[in-house]
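# Mind folding the following:
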Amino acid sequence: MATALRKIDRLRDSIAPFLAFFNGPFAKLNANPEVANFAVGNPQDFPMPEYVEALRAQLEPRRRDWFAYKDSEPRSQVVVARGLSERTGMKWDPADVAMTNGGFAALAVAMRALVEPGDEVIFLSPPWFFYEFMILAADAVPVRLHLAPPAFEPDLDEIAAAITPQTRAIIFNSPHNPSGRVYPLETLQALAATLTDASARIGHPIYLISDEPYNRILFDGRAFHSAAEAYPHTVVTYSYGKQLLAPGMRIGYLTVPPTMPDREAFRETVFVAQFATGYAFPNALLQHAIEDLEVLSIDIGAMERRRDRLVGALQEIGYETTMPEGSFYIMARAPIADDVAFCDLLGKHRVLVLPGTIVEVPGWFRISLTATDEMVERGIPGFAAAYAEAAGA
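Next up, the predicted model:
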């Protein structure tokens, strides 16, 4: 019992900054219609009509088992494999696709399938909120390495130096949350070479968990490349919640490329891990609708224009910002060292953003492009007023 409680304490500590923000400033301001809400990648407008229609078209049961227990439906696997093959140029096997209830579940299943207690898992900071949490939940050891702003470029020498005989996996996220970096194929090939050399040195393969939920949220005509194109021991995780901006409708997948050795045996490991993770399969309705959902997307052009409007306005005010290449987010440097205090000041001016401290980039804050255009225009004066007040103080 004492051991279990200590583990819960460690898990709670790993997400304490997240909980403090969402139970505090976010809870206070999120429901206020006068606040320009840039805090997280939640929809601030109604869902796409096409999305609603895709679900409605599958709502009427066509068989007695229409809403029975589902694992990975063969039709879903075929749809996903076909899309992956088209986007990567590799011939994906539908049998290697495990449908999951969102990207969160896909990552949790990957952890259960790949790591044993005491294994080390490298992740790059700034991270998505829950990487460390999920590594700890798998009784593995998190190894944090840093991506320095504003370039957020991985240091391959640092990664190589961090690898030990206990290293089992590395989590790599592109397009990157929160920086918006879309890492080119050359970077992925260099990372693959680093991991290949290190795997030979330590005597077992290092798995690369390629977390790709934003891989269709790309700006300026950029192409996306998956790490699976460069490295055979890659496990890809994906969530449809980003391309559809419907994060509460939980469907995603975990898959491996056709180049992965022993992938047939890995399928059974993943299947068992999905049961052990609490039946981590998506619900029946979303799987029935997958063929329509696969080809739908939010308006990327509108999001790109929103990015350009905000970056231009913020830089004119005096902020240093990133220019995201993809994902939902802009990072901006706070004009004072204490980003949490500055985000509180923005809140006074009816602007809600995420303090950089929550995503391990102190002194910065994150802005979500899922806000509406009206919120952008309403928020810009608030950004300006808070900047002036901080500068005056």
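
# how many other residues sit next to the residue nearest to residue 144 when sequence neighbours are not counted?
The shortest distance from residue 144 to any non-neighbouring residue, by CB to CB, 6 or more residues apart in numbering, is to residue 125 (5.1 Å). C-beta here means a position set from N, CA and C on the backbone, and glycine is covered the same way. Residues near residue 125, counting by other CB atoms under 10 Å, number 14.

# what is residue 125 paired to in the beta sheet?
Residue 125 has the following beta-bridge partners by DSSP bridges: residue 146.

# wait, it sits on residue 358?
No - using CB atoms under 8 Å as the test, residue 125 is too far from residue 358 to be in contact (11.9 Å).

# does residue 331 sit in a helix or strand, and which one?
Using DSSP states H and E, residue 331 maps to strand 329-333.

# let me fix that: residue 142
Per DSSP H and E: strand 141-146 holds residue 142.

# could you dump that strand to CSV, C-alpha only?
Once non-C-alpha atoms are left out, strand 141-146 reads as follows in CSV (Å, rounded to 0.1, in the frame of the first residue of the first chain):
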residue,chain,number,x,y,z
VAL,A,141,12.7,6.2,-15.5
PRO,A,142,12.1,9.6,-17.4
VAL,A,143,15.3,11.2,-18.8
ARG,A,144,14.7,14.8,-19.7
LEU,A,145,16.7,16.6,-22.4
HIS,A,146,16.2,20.2,-23.5
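
# and the helix or strand harbouring residue 347, average pLDDT?
Per DSSP H and E: residue 347 is located in helix 339-348. Across helix 339-348, the average pLDDT comes to 97.

# What is the helix ranked longest in the chain packed up against?
In terms of residue count, the longest helix belonging to the chain (DSSP state H) is helix 373-392. Packing partners of helix 373-392 (3 or more CB pairs under 8 Å, 6 or more residues apart in numbering; DSSP states H and E): strand 36-37, helix 300-317, helix 339-348, strand 351-352.

# Arrange the ones you listed in JSON lines, one row each, with mean neighbour count as further columns.
Formatted as JSON lines, the helices and strands packed on helix 373-392 follow (neighbours: other CB atoms under 10 Å):
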{"stretch": "strand 36-37", "mean neighbour count": "25"}
{"stretch": "helix 300-317", "mean neighbour count": "16"}
{"stretch": "helix 339-348", "mean neighbour count": "20"}
{"stretch": "strand 351-352", "mean neighbour count": "26"}
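
# Ok, which of these comes nearest residue 245?
helix 300-317 (9.5 Å; CB to CB).

# Just the residues contacting the closest one, thanks.
216-220, 321, 323-324, 328, 330, 332, 367, 369-371, 373, 376, 380, 383-384, 387 (CB atoms under 8 Å, 6 or more residues apart in numbering).
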